[in-house]
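Trainee: the following comprises the amino acid sequence and a computationally predicted model.
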Amino acid sequence: MKIEEVLECLQQWVEENHSHTMLGETAKYIPALAEQDKNQLGICIMDFDGDTYKAGDTEVTFTLQSISKIISFIALCHFKGLDFVLDKVDVEPTGESFNSIIPFEIHRPGKPFNPLINAGAITVSSMLPGDTVDEKYERFIAFVEGMIGHRLHLDEDVYQSEWKTAHRNRALAYYLKESNLLDLDVEEALDIYIRQCSICIGLEDLAKIGLVIAHDGYDPITERQIFSNDVARIAKVLMVTCGMYNSSGKFAAHVGIPAKSGVSGGIIAAVPPKWHSDEKAFRKGCGIAVFGPAIDANGNSTAGTMLLRQISTEWDFSIF
Ligand SMILES: NC(=O)CC[C@H](N)C(=O)O
């Protein structure tokens, strides 16, 4: 497909899916996120050569929120090895909301079900290399910056807003501490977790990270292997089975791309290469980032999900 055709399609699909923004609300439990403009919808696709294709609200920046969880999982596996991490967190979906306390109190699994629910993510963040919260955060953000090639910053308002209202996460962290699943004290573990959630990112950067995941940890633009094939494989499994929380099954059925959402309204998606579908666009794979801050009850962008569904259907992106 020609560049103009790709852009025309994206433009049209953003317009067609825009009304889905009315079906969701901004995340109300984090005051700074509640204030986001829920009418926004933007997308960026980055291809194998690093060229980007954008439509809608493309110059937005937003906080990573739960998208950070797949990155911290990858980072911890990269730094400490897959076995170390899988000893601390499982790779099973929960069927509960992302911040549910039920898996702990009722099922008592011994370790969090997966690293993409809050309990698993807090455990993972606390175990990042470094002795202090500052050191762990530096290692994490440097890992992300290494992938996108420039510095990032923390959204101080979102950080403060979440820190003051993180009652549920604080409760989860106490459960984790009781089960010896934290490498830090409760307040410190919360701090590193909330910091990683509050990192500010744009669509192009997020699409770049999606591209690297799609290519099994290899960055086709700089020609560097950033993390191992094995880590990328498990990351994609987690994205498919748990990345969209309790909509993961439906998302797999109708979109079929490894993806991870965040309550700020972002979604990262990793489209692996599909050599046989040469009629379609992006057969060498791509990374996709969408942003639409109106989210549904499961915490996923309403319009972003529908936009990805249309793109995947039209261009045959499903891995299934
Ligand atoms: N699903 C999400 O994006 C949740 C992340 C958010 N920081 C929280 O802990 O509640």
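Mentor: Happy to help now that I have it.

Trainee: what's the domain layout of the protein?
Mentor: Using automatic domain parsing, the domain parsing of the chain gives 3-61+201-315, 67-197.

Trainee: can you tell me if the last one touches the ligand.
Mentor: Translated: domain 67-197. Yes. Using CB under 6 Å from any ligand atom, domain 67-197 reaches the ligand at Phe98, Asn99, Asn118, Glu162, Asn169, Cys197. C-beta: built from backbone N, CA, C; applies to glycine.

Trainee: mind picking the two most distant members of the residues you listed?
Mentor: Pairwise distances across those peak at 13.9 Å for Phe98 and Glu162 (criterion: CB to CB).

Trainee: am I right that Met147 falls within a strand?
Mentor: No. Counting by DSSP: H, G, I helix; E, B strand; the rest coil, Met147 is not part of a strand but helix.

Trainee: show me what contacts it?
Mentor: Each residue near Met147 by CB atoms under 8 Å, 6 or more residues apart in numbering is listed here: Lys208, Ile209, Val212, Asp219, Ile226.

Trainee: now with 10 Å, please.
Mentor: Residues near Met147 by CB atoms under 10 Å, 6 or more residues apart in numbering: 71, 74-75, 205, 208-209, 211-213, 217, 219, 222, 224, 226-227.

Trainee: can you tell me the closest non-neighbouring residue to the residue most central in space within the chain?
Mentor: For the chain, Ile67 is the residue whose C-alpha lies nearest the centre (CA atoms, centre = their mean; 2.2 Å). Among residues not flanking Ile67 along the chain, Gly262 sits closest, at 4.3 Å (CB to CB, 6 or more residues apart in numbering).

Trainee: burial count for the one you found?
Mentor: When neighbours are counted by other CB atoms under 10 Å, Gly262 registers 29.

Trainee: next one: it from the ligand, what distance?
Mentor: Look at Gly262 and the ligand: by CB to the nearest ligand atom, to the nearest Å, they are 4 Å apart.

Trainee: that residue contacts Gly299, correct?
Mentor: Yes. Here Gly262 reaches Gly299: they are 7.8 Å apart, a contact under CB atoms under 10 Å.

Trainee: so for those two, which residues contact both of them?
Mentor: Residues touching both Gly262 and Gly299 (CB under 10 Å, 6+ apart): Ala27, Gln65, Ser66, Phe98.

Trainee: which regions of this structure lie under the pLDDT threshold?
Mentor: For the chain, the stretches flagged by pLDDT under 70 are 103-109, 276-279.

Trainee: now do the helices in it.
Mentor: Counting by DSSP state H, the chain has helices at residues 3-17, 31-34, 67-80, 82-88, 102, 118-126, 133-148, 156-165, 167-178, 186-197, 203-214, 229-242, 248-254, 302-315.

Trainee: tabulate these in a markdown table, adding columns for distance to Gly285.
Mentor: Below are the helices of the chain laid out as a markdown table (distance: least, CB to CB, whole Å):
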| stretch | distance to Gly285 |
| --- | --- |
| helix 3-17 | 15 |
| helix 31-34 | 31 |
| helix 67-80 | 17 |
| helix 82-88 | 23 |
| helix 102 | 37 |
| helix 118-126 | 26 |
| helix 133-148 | 16 |
| helix 156-165 | 31 |
| helix 167-178 | 34 |
| helix 186-197 | 26 |
| helix 203-214 | 4 |
| helix 229-242 | 12 |
| helix 248-254 | 18 |
| helix 302-315 | 12 |
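
Trainee: of the ones you listed, which is nearest Val60?
Mentor: Across these, closest to Val60 is helix 203-214 (CB to CB), at 6.7 Å.

Trainee: hmm, the closest one in reach of the ligand?
Mentor: No. Using CB under 6 Å from any ligand atom, helix 203-214 stays clear of the ligand, coming no nearer than 13.6 Å.

Trainee: between the residues of domain 67-197 next to the ligand, which is nearest the ligand?
Mentor: Nearest to the ligand among these is Cys197, at 3.8 Å by CB to the nearest ligand atom.

Trainee: burial check on Ser247, number of neighbours?
Mentor: That count, for Ser247 with other CB under 10 Å as the rule, works out to 18.

Trainee: would you confirm that it contacts Leu308?
Mentor: No. The criterion here is CB under 10 Å, and Ser247 misses it with Leu308 at 11.6 Å.

Trainee: so what's in contact with these two at the same time?
Mentor: Joint contacts of Ser247 and Leu308 (CB under 10 Å, 6+ apart) are His254, Val255, Asn300.
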